[in-house]
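Visitor: just need the structure, nothing else, for what follows:
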Amino acid sequence: MSDLEQLARFRVAIATGRLPRDLGDWALARLTESLSAADRMRRRNALLREAAAQIDGSLWARARAVHELLKLFRTYPGLVGCAWYPPGSPEQLVQEAMRIDATAPTSLRRLIDILR
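Guide: Just a heads-up that it's a prediction; the model follows:
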């Protein structure tokens, strides 16, 4: 769908008070694209730190768990856009981080640096 068609749908959603999930995802994607790379990276890192804070254990254990979630979302990219996780859960926070910036670190060492 074109942006004009999506905007028309958005106006209907505002008028009715009902926002279809695909339209909300489109709006978030468009807003995210408008952010600078540095802003996206800062927000992504903040979300990864927040996800790690929800996990018990040492820095290493938390980094390992977040790393596994990142690996899951890279292996199954469809989960980034359509899977539902409880708000504030580590899965949801990492999912949101991947939506904002899919270039999240692939090495455990880099992830530990971000979580410090």
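Visitor: what residue spans form the domains of the chain?
Guide: If you go by automatic domain parsing, the domain ranges for the chain are 3-33, 37-115.
Visitor: and the longest one, end to end?
Guide: From the first residue to the last, domain 37-115 extends over 19 Å; the measure is C-alpha to C-alpha, to the nearest Å.
Visitor: now that domain: how far from the chain's centre is it?
Guide: From the chain centre to the centre of domain 37-115 is a distance of 8 Å (C-alpha atoms, centre = their mean, to the nearest Å).
Visitor: following the helix or strand harbouring Asp22 in sequence, what is the next regular element?
Guide: Using DSSP states H and E, Asp22 falls within helix 21-33. Counting by DSSP H and E, the next helix or strand C-terminal to helix 21-33 is helix 37-53.
Visitor: mind giving me the packing neighbours of that following helix?
Guide: Counting contacts by 3 or more C-beta pairs under 8 Å, 6 or more residues apart in numbering; DSSP states H and E, helix 37-53 is packed against helix 59-75, helix 90-100, helix 108-115. Yep, even glycine has a C-beta here, placed from its N, CA and C like the rest.
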